[in-house]
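Enquirer: fold the following.
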Amino acid sequence: MKIEFTKMQGAGNDYIYVNTLIYPLPNPEELAVAWSRPHTGIGSDGLVLIGSSGKADFSMRIFNADGSEAKMCGNASRCIGKYVYEYGLTRKTEVTLDTLSGIKTLRLHVEDGKVDAVTVDMGIPAEIHPVDLGEGYPYREGIAVSMGNPHLVIFVDDMEQVDLPRVGPVLERHPLFPDRVNVEFAQVLAPGRVRMRVWERGSGITMACGTGACATAVASAYTHRCPGESDIIMDGGTLRIRWAGEGTRLFMTGPAEKVFDGVITV
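Expert: The predicted structure follows:
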């Protein structure tokens with residue numbers, strides 16, 4: 001069977017997108033592993049399925065490069081907004097998306113018929129608290145944040161000193177997080193400007209992580225480093241995060257771009 005797909009990226013976080021209204025995939029876990037491989041597959045951070053929903057305009061399912069299913073991805077949700085508008089699945093500029101972490105609202109910024117950027121209502125951050133990682137770990141303290149998926153934010157003075165390939169997998173599997181955790185390292189460059197690198201649960205080092213950028217902004221405000229609005233600068237690009245504080249909704253704005261369309265046989 002031939003499957004049409006679109007490869008898209010948001011701030012360098014690249015996924016393979018399939019419209020399951022046309023191409024239902026019975027084994028997305030296996031396909032995510034095979035297609036994500038850079039040399040023998042398409043190459044990506046994972047596989048995203050766009051589908052129908054009885055509760056929202058569309059649904060989103062995300063499978064990481066290792067086949068595990070993620071609850072939410074901010075970069076992928078922005079790309080879905082661009083996909084459904086530019087491929088004619090909707091003419092709305094405000095779209096609701098059914099995810100495993102709840103209904104998200106996407107506001108599409110359209111110019112000359114193209115979606116230039118998307119603002120996502122990411123909901124209310126939860127479970128924000130300091131974490132003591134204990135002795136024997138390369139870093140002792142962090143801030144835990146849930147953006148519908150778990151994050152651990154660690155502040156550093158010099159990002160260049162972080163050995164991400166070494167410490168990322170160790171912290172991802174810390175005993176405090178039995179379901180594993182996304183790990184963000186953050187360096188405050190100036191008020192409202194934070195440099196971030198990420199080790200994503202199930203995918204490893206990625207160019208960007210939307211929920212990770214949100215968690216970093218939350219942790220920055222929680223620790224009184226950068227309250228209010230922040231630019232989170234990642235390897236693949238920058239996201240603008242707006243959050244008024246505990247108990248309020250968080251809004252993420254950033255780009256979404258199509259890389260190419262393709263056909264693959266399964």
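Enquirer: the host helix or strand of residue 233: partners in the sheet, and parallel or antiparallel?
Expert: Using DSSP states H and E, the element containing residue 233 is strand 229-234. Using DSSP bridges, the strands paired with strand 229-234 in its sheet are strand 193-200 (parallel), strand 237-243 (antiparallel).
Enquirer: can you give me the helices for the stretch 151-266 of the chain?
Expert: Applying DSSP state H, counting those that start in this stretch to the stretch 151-266 of the chain gives helices spanning 164-172, 210-222.
Enquirer: please identify the deepest-packed of these.
Expert: helix 210-222 (a mean of 29; mean count of other Cβ atoms under 10 Å). C-beta here means a position set from N, CA and C on the backbone, and glycine is covered the same way.
Enquirer: re earlier: so the strand holding residue 233 versus helix 210-222, what angle?
Expert: If you take axes from the mean of the first three to the mean of the last three Cα atoms, to 10 degrees, strand 229-234 sits at 130 degrees to helix 210-222.
Enquirer: for strand 229-234, buried residues please.
Expert: Neighbour-count burial for strand 229-234, with 16 or more other Cβ atoms under 10 Å as criterion, is recorded at 230, 231, 232, 233, 234.
Enquirer: adding pLDDT and distance to residue 265, write those out as JSON lines.
Expert: Below are the buried residues of strand 229-234 laid out as JSON lines (pLDDT from 0 to 100; distance: Cβ to Cβ, whole Å):
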{"residue": "230", "pLDDT": "97", "distance to residue 265": "44"}
{"residue": "231", "pLDDT": "98", "distance to residue 265": "42"}
{"residue": "232", "pLDDT": "98", "distance to residue 265": "39"}
{"residue": "233", "pLDDT": "98", "distance to residue 265": "39"}
{"residue": "234", "pLDDT": "97", "distance to residue 265": "34"}
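Enquirer: which single one of those is nearest to residue 214?
Expert: Within those, the smallest distance to residue 214 is 8.1 Å, found for residue 232 (Cβ to Cβ).
Enquirer: distance of the nearest residue to that closest one once chain neighbours are set aside from residue 23?
Expert: Among residues not flanking residue 232 along the chain, residue 213 sits closest, at 3.9 Å (Cβ to Cβ, 6 or more residues apart in numbering). Per Cβ to Cβ, to the nearest Å, residue 213 is found 30 Å from residue 23.
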